[in-house]
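Peer 1: I'd like to go over a predicted model; first the sequence, then the structure.
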Amino acid sequence: MIGKVRELAKEWLTTKKVDAIFGLRKQNNDVAPYLFTDVKELKDLVLSIDNRICFTVRPSKQNIVHLIQKNSPDMKIGIIARGCDERALIELAKRFQIDLEKIEILGVACTNKDAEECLCPIPYPKTIIIGEKAEGVSLDKIKNVESLLGKTLEEKAAFWKEQLSKCIKCYGCRNVCPMCICKECKLEEDLWVKSGELPPDFPMYHFIRFYHMADRCIECGQCEKACPAGIPLLTISKLVRKDVKELFDYEAGKDVEQESPLVTTLDETPLKEEAKDVAV
Amino acid sequence: MKGGKIDQVSNNGFEPKIVGFLCNWCSYAGADLAGTARLKYPANLRVIRVMCSGRVSPEFVVKALRAGADGVMVLGCHIGDCHYQAGNHRAAKRIAILRRLLNYMGIDPRRVRLEWVSASEAQRFTKIVKEFTDDMKALGPNPMKKVKV
């Protein structure tokens, strides 16, 4: 697959379809995002599928695509994107972080095995250029979700207290998230999360993250992979995403025209009355 | 138990602490009217006046629960009556997500309630406060509040 991607990237660059290709570069076993402008460099291009911890769209605190476009607004960039990368790009464009018109997406589909490792529900971009559409993993097939939903309130609280007490507050989950775009972050404010307190007070730190991601989580799973303590963060993020779909019929990363229900009125995006009650 | 009323059980005279976020334009005025009309309602409620129910971010609710509240009420204007057009629309959406998220984290969503109370609905205000206080009495003390050492 990587051969095909390199070939296509080369073609796009030589035919001037794009001015640069944004992807991952592997040098001396280190993988990092890189903007390829020279065809000769493409031999070091690798795919995020094979280097899962490194996500193409957001591997640093400030979004790289945003920074590139800020510096060179006229540059046409080709971005090698999996399903999750593409969802992130759509969601970022919706929030005025990037300009999709200057971006050409080189869509790469993941295999079923990849999807299972990532617990990915939609392992392919909208337009697949390389690879074939594979089946995603549905929510009811995920063990963590199933076991959480089978718990009573007390058991859930005990489970999360134990899990979240492992947190070392490295902010990895936040830093790696492609959708964390605020310049000011509540997780850095003493009012909500006291500095120097370890583990962070239950449940505020993680609650804030889960809630703030409610209408934007694209289920890339980077937070869970980045967590050095192995906290199953995706379990709740996935459930909340499902809820937002149930309540508002909204899915983050699906359509750049569809506004988040949390910034629209009830007339624009109604709240489904029948879905409002919570089963305890 | 799903939806419905909470079973009434005696809880050894437990008096819950309830934090209420009341919007300045409707609910606070409604509560004020209850006062001037000398209507009785439980003294368990501690009122925090906010300019709009849309001002209440979910962090406020969680912080209140953590800091010692047994229940949190968010009261705002009826839909269509918001002083800021759509502040209560946002509150409605946020609280809906919040309650589900709390449930996943093991915090009883019944401890959070959103209601609309207009400036003239003193009766409705007292009824809601009474109902919610009874519910919290039945649920018992909030297990997630921080115990002072």
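Peer 2: Everything's here; your move.

Peer 1: chain neighbours aside, what residue packs nearest to residue 133?
Peer 2: All of this is about chain A. Leaving aside its sequence neighbours, residue A:133 sits nearest to residue A:124 (CB to CB, 6 or more residues apart in numbering or on different chains; 5.0 Å). Any C-beta I mention is one placed from the backbone N, CA and C, and that applies to glycine too.

Peer 1: not what I meant, chain B
Peer 2: Excluding the flanking residues, the one nearest residue B:133 by CB to CB, 6+ apart is residue B:42, at 4.2 Å.

Peer 1: so what's that neighbour up against?
Peer 2: Shown in contact with residue B:42 (CB atoms under 8 Å, 6 or more residues apart in numbering or on different chains): B:129, B:130, B:133.

Peer 1: export the residues you listed to a markdown table and tack on neighbour count and secondary structure?
Peer 2: Output for the contacts of residue B:42, formatted as a markdown table (neighbours: other CB atoms under 10 Å in any protein chain shown; DSSP: H, G, I helix; E, B strand; the rest coil):
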| residue | neighbour count | secondary structure |
| --- | --- | --- |
| B:129 | 26 | helix |
| B:130 | 15 | helix |
| B:133 | 21 | helix |
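
Peer 1: picking up where we left off before, I figured the residue nearest to residue A:133 hits residue A:112, correct?
Peer 2: No - if you go by CB atoms under 8 Å, residue A:124 and residue A:112 don't touch, sitting 10.7 Å apart.

Peer 1: who's more crowded, those two?
Peer 2: For residue A:124 versus residue A:112, neighbours defined as other CB atoms under 10 Å in any protein chain shown are more numerous around residue A:124 (23 against 15).

Peer 1: checking the more buried one next. Helix, strand or coil?
Peer 2: At residue A:124 the chain is in coil, as set by DSSP: H, G, I helix; E, B strand; the rest coil.

Peer 1: can you pull the contacts of it?
Peer 2: By CB under 8 Å, 6+ apart, the residues touching residue A:124 are A:82, A:83, A:107, A:109, A:110, A:131, A:133, A:134.

Peer 1: buried subset of these?
Peer 2: Buried subset of the contacts of residue A:124 (neighbour count, 16 or more other CB atoms under 10 Å in any protein chain shown): A:82, A:83, A:107, A:109, A:110, A:131, A:134.

Peer 1: what's the pLDDT at the residue of chain A at minimum distance from chain B?
Peer 2: Here the residue of chain A nearest chain B is residue A:157; by CB to the nearest CB that distance is 2.8 Å. The per-residue pLDDT reported for residue A:157 equals 94.

Peer 1: could you pull out the strands for chain A?
Peer 2: Per DSSP state E, chain A carries strands over the ranges A:20-27, A:30-36, A:45-46, A:77-81, A:103-107.

Peer 1: and chain B, by the same measure?
Peer 2: Applying DSSP E to chain B gives strands spanning B:18-23, B:45-50, B:71-76, B:112-116.

Peer 1: and these: which comes nearest residue A:234?
Peer 2: For residue A:234, the closest of those is strand B:112-116, at 24.5 Å, according to CB to CB.

Peer 1: and that closest one, how far out from the chain's middle?
Peer 2: In terms of CA atoms, centre = their mean, to the nearest Å, the centre of strand B:112-116 is found 5 Å from the chain centre.

Peer 1: need the residues that contact that strand.
Peer 2: B:26-27, B:53, B:61, B:65, B:71-79, B:88, B:91-92, B:95, B:98-99, B:102, B:128, B:132.

Peer 1: before we move on, what about stretch B:141-149?
Peer 2: A:154, A:157, A:201-203, B:14, B:16, B:65-71, B:107-108, B:111.
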